[in-house]
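Q: starting from these lines, generate the structure:
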Amino acid sequence: MPRQAALKAARTLEPAPSEEAAERTTLRLREKGTQKVHEYEGWAWKDGAPEVDDADEDFWLNDLDDITKANVSKQGIEYLDDE
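A: Below you'll find the model as predicted:
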């Protein structure tokens with residue numbers, strides 16, 4: 001799905017210390033097998049890792065202090081010309 005692909009791409013951006021301070025970047029993703037280009041505005045930031053209860057002691061998030069979060073906002077769809 002295009003939005004999930006845009007979120008994955010946004011998580012690779014340089015994260016800001018907070019969501020409000022995050023720099024917005026235009027992400028253009030071409031849908032495979034079509035002439036559509038989905039355009040999103042994406043941003044990423046660092047956030048504290050969620051608390052893990054004692055039952056999940058070996059859970060991988062226990063080793064992390066911060067995680068990267070991302071968000072996207074759809075700007076539109078561009079249709080490429082058949083040439």
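
Q: every contact and neighbour count from this point should use C-alpha atoms.
A: Fine.

Q: need the three-state assignment for residue 9.
A: Assigned with DSSP: H, G, I helix; E, B strand; the rest coil, residue 9 falls in the helix class.

Q: okay, and the closest residue to it other than its chain neighbours sits in which element?
A: What sits nearest to residue 9 in space, not counting adjacent residues and going by Cα to Cα, 6 or more residues apart in numbering, is residue 27, at 7.8 Å. Per DSSP states H and E: residue 27 is located in strand 25-30.

Q: burial check on the closest residue in space to residue 68 that isn't next to it in sequence, number of neighbours?
A: Nearest non-adjacent residue to residue 68, counting by Cα to Cα, 6+ apart: residue 46, 4.7 Å away. Neighbour count for residue 46, taken as other Cα atoms under 10 Å: 18.

Q: other SSEs contacting the helix or strand hosting residue 46?
A: Assigned by DSSP H and E, residue 46 belongs to strand 36-48. Judged by 3 or more Cα pairs under 8 Å, 6 or more residues apart in numbering; DSSP states H and E, strand 36-48 is in contact with helix 2-10, strand 25-30, strand 66-79.

Q: list the residues that contact the residue nearest to residue 68.
A: 15-19, 66-69 (Cα atoms under 8 Å, 6 or more residues apart in numbering).

Q: of the residues you listed, grab the buried ones for PyMOL.
A: This is how PyMOL selects the buried members of the contacts of residue 46, with burial counted by 16 or more other Cα atoms under 10 Å:
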select buried, resi 15+16+19+68+69
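
Q: turn the contacts of residue 46 into CSV, columns for distance to residue 4 and pLDDT.
A: CSV is the format used below for the contacts of residue 46 (distance: Cα to Cα, whole Å; pLDDT from 0 to 100):
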residue, distance to residue 4, pLDDT
15, 18, 95
16, 21, 96
17, 23, 94
18, 21, 94
19, 19, 93
66, 22, 83
67, 18, 87
68, 15, 91
69, 13, 94
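
Q: done for today, thanks.
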